[in-house]
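A.B. asks: below are the sequence and a predicted model; questions follow.
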Amino acid sequence: MPTTCAAMTVKRCSWANPANPRYLAYHDEEWGVPCHDENRLFEMLNLEGAQAGLSWETVLNKREHYRKVFDGWDADKIARYDDAKVAALLADPGIIRNRLKIAAAIGNARAYLALRDDTGGLDPFLWAYVDGRPVINAWPPGQTPASTALSDRISKDLGKRGFKFVGSTIVYAYMQAIGMVNDHAPDCFCHPARR
């Protein structure tokens, strides 16, 4: 079970909104924690894409509804969505009603199924880039990059495999979300150096 820092009462990263318990729990228990669960890896890839142009907090607040209307992020089901399902999603105020983002999730399900057949899934595909170990950073305040050479490579590789909404900035946010990189601020109590 991953170590969490929810019970501690010390400094958090500046982006963690203290007024939103859901956001604090995300910061404390998920962000930067290595994830190897295929379903969650697929979910987070699509949610990070849905975030494009919006705040992560907006998407996080809709995550439970996304899970419901996207069949628990079951890629086999999503890959078979038809026009009627797309129309229902576009009419649902509980998600980001953007046609391109919805189409991307469906296309990503198909790309994911092909990736799963080829490499075993997102877990072996992604974690091979870091030899199975998260990259631990300690960026100075305000200097966390929006993308890196590694996110550039992964973005290109995902794009070649047919994934959409996987630009380098989105991929870097995804890497942070699934713990491939740990970008907790050096003085945040979730940074590995403080545990």
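C.D. replies: That came in fine, so what should we check first?
A.B. asks: name the element the residue nearest to residue 75 when sequence neighbours are not counted belongs to?
C.D. replies: Nearest residue to residue 75 in three dimensions, chain neighbours excluded: residue 109, at 4.2 Å (Cβ to Cβ, 6 or more residues apart in numbering). The C-beta positions use only the backbone N, C-alpha and C, and glycine is treated the same way. Taking DSSP states H and E as the criterion, the element that holds residue 109 is helix 99-119.
A.B. asks: just checking, what packs against that helix?
C.D. replies: helix 38-51, helix 75-78, helix 83-90, helix 122-127 (3 or more Cβ pairs under 8 Å, 6 or more residues apart in numbering; DSSP states H and E).
A.B. asks: which non-adjacent residue is nearest the most centrally placed residue in the chain?
C.D. replies: When the chain is reduced to its mean C-alpha position, the nearest residue by Cα atoms, centre = their mean turns out to be residue 44, at 3.2 Å. Excluding its sequence neighbours, the residue lying closest to residue 44 (Cβ to Cβ, 6+ apart) is residue 177, at 5.1 Å.
A.B. asks: correct me if wrong: that neighbour contacts residue 34.
C.D. replies: No. With contact defined as Cβ atoms under 8 Å, residue 177 does not count as touching residue 34 (11.0 Å).
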